[in-house]
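Undergrad: Turn this into a structure:
(one chain, ligands or ions: 1)
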Amino acid sequence: MAKDFPTQARVVVIGGGIVGCSVAYHLTKLGWKEVVLLERKVLTCGTTWAAAGLVGQLRATPALTRLAQYGTKLYAALEEETGQATGYTANGSILVARTKARKREYDRGRAMARSFGIEMEEISFQEAKKLWPLIHTDDLTATYYMPKDGTTNPVDTAQALAKGARQNGARVLEGVKVTGVELKNGTVTGVETDQGRIACEYVVNCGGMWARELGLKSGLSIPLFAAEHMHIVTKPIEGVSKGMPSLRDMDGYVYFREEVGGLMMGGFEPRAKPWGMRGIPEEFQFTELNEDWDQFSIFMDNAIQRCPALATAEVRHLTSVPESFTPDTAYILGQAPGLRNYFVAAGMNSVGIASAGGAGKAVAEWIDQGHPTEDLWDVDIRRFFPWQVNARYLHDRITEAVGNLYAHHWPFKQPVTSRGVRRSPFHDRLAGMGACFGVVAGWERANWFAPPGMEASYGYSWGRQNWFDYSAAEHMAVREGVGVYDLTSMAVFLLQGPDSEQVLQRICANDVAVPKGQVVYTQLLNQRGGIEADLTVTRLEEDLFFIVTAGANETRDFDWIRSHIPAGARAWLTNLSSGYSMLGVMGPRSRELLAKLTPADLSNQAFPYTTARVIDLAYARPLALRMSYVGELGWELYIPTEFSLSVFEALFEAGKELDLKPVGLHALDSLRLEKGYKHWGSDIGPDHDPFQAGLGFAVKLDKVDFIGREALLAKQEEGLKRKLVLFSLEDPEPLLYHDEPIFRNGELVSANTHGAYGHLLGRSLGMGYLTNPEGIDEGWILSGRYEIDVEGRMVPARVHLKPPHDPEGKRLRS
Ligand SMILES: Cc1cc2nc3c(=O)[nH]c(=O)nc-3n(C[C@H](O)[C@H](O)[C@H](O)COP(=O)(O)OP(=O)(O)OC[C@H]3O[C@@H](n4cnc5c(N)ncnc54)[C@H](O)[C@@H]3O)c2cc1C
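TA: Numbering: from 1, shown residues only. Model (predicted):
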């Protein structure tokens, strides 16, 4: 061990790529002392050195866009602060569309950009040629310009961050490899390195493509995998000039930027090559992989189409370097579920240079405050599952994940690789009924049903897709008759033990000290009153609670509840998700259908809304919850897995007389929106409190003290200033998806959190938060004139203070 090797630190940042440097920089900016960054070889030697350095700002979601925007400002300012140049230039970027559909995607993107304050304008082909003289435009449908995008020098930018961190007191050590993270009772206590041990309170795994292996040593799932990623640099080309904007032709998979008078050209191929399945060689540093011109040919062909001068240009070098990608092409941040003070910032999906500034800041704040400053669910490590670290799953998905970045981002687009991972017991039956499946959390879920003779596959478009009418029929079956949907993907937890009630009373905003058989809809709040989870808690016994949450939130919600059970409490949480399937039997005729199969009294008096009991049903005894996410009379049946098919068959046999319809999850979504029900992750989340979200009815301030109560009391005192409202478009034609800007009296005020078509209403629905610093009330909301920007067209919208369907909730209680 070297003489001055530290034996103690507050935080150890593992990895000296741009992300690790940014995390260390931002921690020291927040005043953290004893920050040590360890790099196994040399700073930037992993992937960072090889990057093209494109720094685009517009990302898939508002939060990620804000992080990228921050990065551009930071990189522009670092030289003045640290004395180390970053090479950042705000030379802008051009985006081209080859098809009408891609133009529609960009027109939606442009509207979104506007709501983030990012300049993005459509420009003429002549203007594009002025900015980028070598561009070929004959085959294009549109060109766009983003003047504030930039490029940076990745190595210099990482070095500037490292220098800034050092100047603020961090120690940056090269040639030190972390061999393991030390944990005691699930809490970080130190790291083992090839130079000795360092005791520490926190670690941040910024190990790039090494992060997965290092995580596995601590039993942690960090699902990422490397793929070969490449670009070429040419000798100088006439017509290429310094300061020229970068150019992206996503339909052709390629990007270009100026590099010493020539062009750097690379891209994101639809079928990528995973790399490093058998491990990463120990000596890897600034390592280039073998040139693969066959793999590169798709870029070359397309790049020549866009820039014919490339055909005769001399290629100086082909660089091929591995970069890590994740199953959903979004990076991974946050505290590892089940472990305390183990943070991750990795899996940058080839936007690591553009995102490192913001990601490093976000993680540093997360560590400092104990929570992110802004909700980062899209990149939160808790969106993943332990099984997703499976090597074959990752290998196969990564072939697709790379191309996703430039692929057409169709609404409802489903992955084609690594499919069929989690299937409900009903899967084959549903497939036989014409189900078209989509994936959430690895679960194959029936999204819609094709009629006989039609292939059950998506025909993507920005307008009404091929399933629109079938989903509408499923929607109406639930409104008018009876439908059954499979939601086996729901996560089921059991909390048991004599202290269970006490524990849940502290965690839940609603009162769960209820009689046996009562279902409670509740939010779990953070200390700031924000909504961390949205779920139901059913009391089965004095000391036994059945908790149901959305499948996508399984890891997160389990972790939240478990980590809030006080040490020593006699309450144990078990994940029983694999033990139950779930069928929703919904619609005004659901009682009639179930009555054919059960002797149980299903009358309103005997089995009221929000109650639960185990009933005989066919040959099985499922737990029936009288709840509904679609706003109709109905029951959710939680069926012990092996009884699933017998119940399913009995339901559909008995349902023949009632014209029972299988219902897909697209219909579930449109049904719930028509009823104004919220969805955690789009309409509500940690940055919204229940009052703003219209969920005040589920908050019991006068019960025992619970997490978030203080904050809610303060908010109550302050008065409501922000409110989630439902909109419908006056024009029945346009469709809403998400993030469309909302205008009030001509002024941009909000964005749509989620949209769907209200088939009963015959118009698109969406939701958005309205804010009035003076205080918000119905009068103020109704006094506004609203419009929503759909692909650049201002569509008048109506605001609904009550859900358009069954505003009094009579049908639920019928
Ligand atoms: C060809 C190419 C072009 C690209 N173009 C762009 C672009 O234009 N724009 C953009 O935004 N992004 C681009 N990228 C992606 C970008 O380079 C990456 O996303 C980014 O560099 C990832 O940074 P990182 O810090 O996560 O990983 P890395 O740079 O790989 O850093 C991880 C570091 O951790 C160290 N390490 C690992 N394990 C240990 C351990 N146990 N102990 C100590 N140290 C450890 C490694 O040695 C490594 O230095 C490109 C990538 C490639 C390959």
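
Undergrad: Quick one: the helices in the stretch 301-450 of the chain, in order.
TA: 352-369, 391-404, 427-432 (DSSP state H, counting those that start in this stretch).

Undergrad: Got phi/psi on the closest residue to residue 405 other than its chain neighbours?
TA: Leaving out its chain neighbours, the residue that sits closest to residue 405 by CB to CB, 6 or more residues apart in numbering is residue 268, at 4.7 Å. Every C-beta, even on glycine, is put in place using the N, C-alpha and C of the backbone. Main-chain torsions, residue 268, degrees, to the nearest 10: phi -130, psi 100.

Undergrad: Could you give the number of residues near residue 268?
TA: 24 (other CB atoms under 10 Å).

Undergrad: How about the one 10 residues further on?
TA: A count of nearby residues for residue 278, using other CB under 10 Å, gives 6.

Undergrad: For the remainder of this discussion, apply numbering that starts at 41.
TA: In the new count, where the first residue is 41, that last one comes out as residue 318.

Undergrad: how far away is it from residue 258?
TA: Distance of residue 318 to residue 258, computed by CB to CB, to the nearest Å: 22 Å.

Undergrad: got it, and residue 608?
TA: 25 Å.

Undergrad: Tell me which of these two has more neighbours.
TA: residue 258 (19 against 6).

Undergrad: In space, what's closest to the more buried one - neighbours in sequence excluded?
TA: The nearest residue in space to residue 258 (CB to CB, 6+ apart) is residue 221, at 5.1 Å.

Undergrad: OK, now which residue of the stretch 291-440 of the chain is nearest to the ligand?
TA: Of all residues in the stretch 291-440 of the chain, residue 392 sits closest to the ligand, at 2.0 Å by CB to the nearest ligand atom.

Undergrad: For the stretch 191-340 of the chain, what lies in contact range of the ligand?
TA: 194, 217-218, 246-248, 250, 254, 269-271, 306 (CB under 6 Å from any ligand atom).

Undergrad: returning to that earlier point: secondary structure of the residue nearest to residue 258: a strand, I assume?
TA: Yes: per DSSP: H, G, I helix; E, B strand; the rest coil, residue 221 lies within a strand segment.

Undergrad: wait, it sits on residue 227?
TA: No: assessed by CB atoms under 8 Å, residue 221 is found out of contact with residue 227, at 10.8 Å.

Undergrad: Looking at the two, which one has more neighbours?
TA: Between residue 221 and residue 227, residue 221 has the larger neighbour count (other CB under 10 Å), namely 24 against 13.

Undergrad: any idea whether residue 320 is helix, strand or coil?
TA: coil.

Undergrad: Let me see the contact set for it.
TA: 249-250, 253, 266, 362 (CB atoms under 8 Å, 6 or more residues apart in numbering).

Undergrad: From residue 80, how far off is it?
TA: 10 Å.

Undergrad: before we move on, the earlier item: ranking the helices of the stretch 341-490 of the chain by burial, who's on top?
TA: Most buried of the helices of the stretch 341-490 of the chain by mean neighbour count (mean count of other CB atoms under 10 Å) is helix 392-409; its value is a mean of 25.

Undergrad: Kindly format the C-alpha coordinates of that one as CSV.
TA: What follows is helix 392-409, C-alpha atoms only, in CSV (Å, rounded to 0.1, in the frame of the first residue of the first chain):
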residue,chain,number,x,y,z
GLY,A,392,-23.0,9.6,-21.3
ILE,A,393,-21.2,12.7,-22.4
ALA,A,394,-24.4,14.7,-22.9
SER,A,395,-25.9,13.4,-19.7
ALA,A,396,-22.9,13.1,-17.3
GLY,A,397,-23.1,16.7,-16.1
GLY,A,398,-26.7,16.4,-15.1
ALA,A,399,-26.5,12.8,-13.9
GLY,A,400,-23.5,13.6,-11.7
LYS,A,401,-25.4,16.5,-10.2
ALA,A,402,-28.5,14.4,-9.7
VAL,A,403,-26.7,11.6,-7.9
ALA,A,404,-24.7,14.0,-5.7
GLU,A,405,-27.9,15.7,-4.6
TRP,A,406,-29.6,12.3,-4.1
ILE,A,407,-26.8,11.3,-1.7
ASP,A,408,-26.8,14.7,0.0
GLN,A,409,-30.5,15.0,0.5
